[in-house]
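Colleague: Below is the sequence, then the predicted model.
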Amino acid sequence: MSQSKLATPPPNAGPTIEPTIEALQTQVATLQRQLTQETIHRQQVESSLRESQICLRILSSISKSTAAGLSAEAIIIHTLEQMGHYFNDRRITYAVIEQGILQEKSAIVPLTPAFQRPPFRLNLAQTTHCWQLLHRRQAVIIEDVQHEPTLKTIAPDLHTQQIRSLLIMPLQQLTPTLGVLCFDMPHAHPWSPYEVATLAEIVDYLAVIIQEYLAQQDRQQAEAKIHASLKEKEVLLKEIHHRVKNNLQVVSSLLKLQSGHLKNAQENIQEKNQDQQALNRIHLSIDAFKDSQNRVRAMALVHEKLYQSDDLARADFGSYVSSLVQDLLRSYRTSNEPVQIRSAIHEVYLSLDRAIPCGLIINELVSNALKYAFPAGAAGEIDIQLYPDGNDHYVLIVQDNGVGLNHSAPLQEKLQDNLQQASTLGLQLVHSLTQQLGGTVSCQSHPGTSFRITFADSSVQEKG
């Protein structure tokens, strides 16, 4: 029976195994570091995603509060409440910095006793570094007050208010104040880049909303001031039109009184059977006063229509003509004389510098027709039309079916070419007033009489 021998390793076996173990240990350590880094990275990504979701929810909440029509202060308080719901490990404060003093306006404070403190108040003017950062609209980030040399001057105040870590972000600039959001904790806290970026995004969005709200508020206040100013000017303008109308009425009354004195003189002459030439002169004077009175009344009526209108810049010319012709009928005709005046006026609104010349033209032409076109109480019609011709002009026609102009044929031809050659003051006024409108006038007198005035509508607005 043979005896077996225990196999022994070769002399160099030990040195071969030991490097292999060291290599494995190195690989394991490397894998552990990689795993740790991946775990940290995954945690950072998860934190970033979580904070992004929180950010989106808060931004959505801010948008809803804006759409609900909340005031700027209410939007800020609502935002603080939403941020306090998600970031419940810190105090969140809205404060205003004025003349270097940071003063709390609103705050969301966790219920933990460590967070309880009096209202936030700091003199940031004592910290040049923080003051400069905020004025450059940059955040102040302090992880540990005790290790921040730039805060030595206000460190006692921070300690009194139980503030160990602090983040201040500028919100809006309102001269001479600066609104900020502050986040603080009673212990040291490393503010991560993701955390700061999330809070910065919320604050920036809130700042935009607040700025838009304040700008809209400024616009509304400016519009309110403009509206009040316009209302005041409207009242003043109405008062001016009213006073001008009253003054013209006074002039008209004076003319009427003077005409009355002439009528008395005329009656006295008639009773004494005195000179017929004197009677004729007085009769002409009475007619002249009546014509002047009607012209003044025509101008006063424009101002009356303007101060009674909602639009003080333009008069409703259709309503104006209706009132004017009624006044003329009362002035020149008796109620039993069958003369009808028909007007066809589109909804045309004329400015003051157009309404008065047009009104005076109608006054002259209708007055002439009432006085001369229908002798001995004859029946007849007077038509007044005003309409657009489609070429940026308006056409005014005043015509009657009376006896026509009592002139020779050559004189009528001259009138058709140029009314300035007319012998009567009324027709000369029609010519001058048409020139004032920058228009043209033509006259036809067989049968009856027809005047056609055309003028540009640059100062006319048609409502419809």
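Modeller: Noted; the coordinates are in hand. As the structure is a prediction and not an experimental result, all values here were calculated from the model.
Colleague: Spatially central residue for the chain, please.
Modeller: Geometric centre of the chain, nearest residue: residue 223, 5.2 Å, by C-alpha atoms, centre = their mean.
Colleague: top helix in this structure by residue count?
Modeller: Secondary structure assigned by DSSP state H gives helix 193-272 as the longest helix of the chain.
Colleague: mean confidence for that helix?
Modeller: Helix 193-272 carries an average pLDDT of 82.
Colleague: Just give me how far that helix sits from the chain centre.
Modeller: 15 Å (C-alpha atoms, centre = their mean, to the nearest Å).
Colleague: do stretch 111-120 as well
Modeller: 47 Å.
Colleague: Next up, phi/psi of residue 343, please.
Modeller: phi -130, psi 140 (degrees, to the nearest 10).
Colleague: If we ignore the residues flanking it in sequence, what's nearest it?
Modeller: Leaving out its chain neighbours, the residue that sits closest to residue 343 by C-beta to C-beta, 6 or more residues apart in numbering is residue 384, at 4.3 Å. Any C-beta I mention is one placed from the backbone N, CA and C, and that applies to glycine too.
Colleague: What of residue 100?
Modeller: residue 125 (2.7 Å).
Colleague: Could you report the neighbour count for that neighbour?
Modeller: By the criterion of other C-beta atoms under 10 Å, residue 125 has 15 neighbours.
Colleague: Can you pull the phi/psi pair for it?
Modeller: Dihedral pair for residue 125: phi -60, psi -20, per degrees, to the nearest 10.
Colleague: State whether it and residue 97 are indeed in contact, as I suppose.
Modeller: No. Using C-beta atoms under 8 Å, residue 125 makes no contact with residue 97, being 9.1 Å away.
Colleague: now the strands for this structure?
Modeller: In the chain, the strands defined using DSSP state E lie at 91-98, 101-108, 121-123, 140-142, 165-174, 177-185, 314-316, 339-345, 348-351, 380-388, 393-400, 440-444, 449-456, 460-462.
Colleague: Of all the residues in the fifth one, which ones are buried?
Modeller: Just to be clear, that refers to strand 165-174. By neighbour count on 16 or more other C-beta atoms under 10 Å, the buried set for strand 165-174 is 165, 166, 167, 168, 169, 170, 171, 172.
Colleague: Enumerate the sheet neighbours of it, specifying parallel or antiparallel for every one.
Modeller: Strand 165-174 has these partner strands in its sheet, going by DSSP bridges: strand 140-142 (antiparallel), strand 177-185 (antiparallel).
Colleague: in the first one, what counts as buried?
Modeller: It refers to strand 140-142. Across strand 140-142, burial judged by 16+ other C-beta under 10 Å covers 140, 142.
Colleague: re earlier: now, which of the buried residues of strand 165-174 sits nearest residue 77?
Modeller: Using C-beta to C-beta, residue 171 comes nearest to residue 77 of those, at 13.1 Å.
Colleague: From residue 178, how far off is the closest one?
Modeller: 8 Å (C-beta to C-beta, to the nearest Å).
Colleague: where along the stretch 1-150 of the chain do the helices fall?
Modeller: Remark: helices assigned in the stretch 1-150 of the chain by DSSP state H, counting those that start in this stretch are 13-67, 72-86, 128-135.
Colleague: Could you check the angle the last one makes with strand 101-108?
Modeller: Same thing as helix 128-135. Relative orientation of helix 128-135 and strand 101-108, computed by axes from the mean of the first three to the mean of the last three C-alpha atoms, to 10 degrees: 60 degrees.
Colleague: cool, and the first one?
Modeller: Orientation check (the same axes, to 10 degrees): helix 13-67 against strand 101-108 gives 90 degrees.
Colleague: which helices and strands sit right next to helix 13-67?
Modeller: With contacts taken as 3 or more C-beta pairs under 8 Å, 6 or more residues apart in numbering; DSSP states H and E, helix 13-67 sits against helix 72-86, helix 193-272.
Colleague: Please dump the ones you listed into a markdown table; it should also carry distance to residue 129 for every row.
Modeller: As requested, these are exported to a markdown table (distance: least, C-beta to C-beta, whole Å):
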| stretch | distance to residue 129 |
| --- | --- |
| helix 72-86 | 26 |
| helix 193-272 | 17 |
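Colleague: Tell me which of these sits most buried.
Modeller: helix 72-86 (a mean of 18; mean count of other C-beta atoms under 10 Å).
Colleague: and that one, how far from the chain's centre?
Modeller: 31 Å.
Colleague: Contacts for it next, please.
Modeller: Helix 72-86 has contacts (C-beta atoms under 8 Å, 6 or more residues apart in numbering) with 54, 57-58, 61-62, 65-66, 70, 92-94, 106-108, 110, 202, 206, 209-210, 213-214, 217.
Colleague: That one vs strand 165-174, what angle?
Modeller: Going by the same axes, to 10 degrees, helix 72-86 makes 160 degrees with strand 165-174.
Colleague: quick one, helix 72-86 and strand 91-98 angle?
Modeller: Helix 72-86 runs at 150 degrees relative to strand 91-98, counting by the same axes, to 10 degrees.
Colleague: how far away is the residue nearest to residue 165 when sequence neighbours are not counted from residue 248?
Modeller: Spatial nearest neighbour of residue 165, chain neighbours left out: residue 189 (3.9 Å); criterion: C-beta to C-beta, 6+ apart. According to C-beta to C-beta, residue 189 and residue 248 sit 83 Å apart.
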